Structure formats: C-alpha cells, structure tokens
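Enquirer: I need the structure of the sequence given here:
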Amino acid sequence: MADRTLRGTRIGSTSLQGEAGVELSARRTVEYLTDRGNRFTVTFDADAEPPAEWVDQRSGEVGFLDDEAGRTARAEFEEKESSQRTPWDMLIERRTREELEELLEERLQLLRSRRGGTNS
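Expert: Model (predicted):
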C-alpha cells in the first residue's frame, strides 16, 4: 500500500509549497578584497552588520572589507600573523646557536654509539 501512495513523488527533493505570497527580506551585497586583489561578494540581510573579514569559498583566501573597518581588520590580521612565534624562535630565545650546535653533536654521538657506528 505504501508503495502506491509514494509513487511519482520525490520526497524531500522538491517543495509542494509555491512562492505565491512569499515576501523575501531586504538584502544587500557586500564586496570583499583579498591580498591577491581578488574581489568577491557576499549577500547579507539589509539590517545585518557585515564582518570586517570573510573567507572566499572558492579560493580559501581571507578577504577584507574595502573600507576603514576592513583596513583595520587587515592590519590586525597581519600583526597577528607576524607576531606568532615558531618553535625555532622560542628555542633561539633560550639558547645560543653555539650551544645548540654542541647539543646536536652530543646527541648525534649518542645515536651513533647506540647503532654501533663510528664516531666522526
């Protein structure tokens, strides 16, 4: 019985409700600019405050608004990226390069002795 009642309909794929009498909310498109100069647009509700940065869905790049808020967000983003310390930076803060070379040589000798290799 259930086979006959569902025959010919695609459940979930199409809506049986029409668009008559439906009023869409007001919208606006906002343009973002990436570092490579690519521009892309995102549609928001007219009352919504667009964020200063947005990731482009096609390229994966971060885009910023082409206004004062976007320039401020871009400066903060660049400052954050440049201020990130790598493990190498933290290591150099604790030890000098000569100390690191000496430690490396000690560890290499230890590994060579474990393998039964020659100490050079």
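
Enquirer: on contacts alone, who are the packing partners of the longest helix belonging to the chain?
Expert: Across the chain, the longest stretch assigned as helix under DSSP state H is helix 97-115. Using 3 or more CB pairs under 8 Å, 6 or more residues apart in numbering; DSSP states H and E, no helix or strand is in contact with helix 97-115. (Each C-beta comes from the backbone N, C-alpha and C, glycine too.)

Enquirer: for this structure, give me the ranges with low pLDDT.
Expert: Applying pLDDT under 70 to the chain flags the ranges 1-16, 81-83, 117-120.

Enquirer: how does it divide into domains?
Expert: Here the domain parsing of the chain from automatic domain parsing is 25-84, 85-115.

Enquirer: tell me which of those domains approaches Glu19 most closely.
Expert: domain 25-84 (14.3 Å; CB to CB).

Enquirer: show me what contacts the residue nearest to Gly63 when sequence neighbours are not counted?
Expert: Ranked by CB to CB, 6 or more residues apart in numbering and with sequence neighbours excluded, the top spatial neighbour of Gly63 is Tyr32, at 3.2 Å. For Tyr32, the contacting residues are Arg39, Phe40, Thr41, Val42, Glu53, Trp54, Asp56, Gly63, Phe64, Leu65, Asp66, Gly70, by CB atoms under 8 Å, 6 or more residues apart in numbering.
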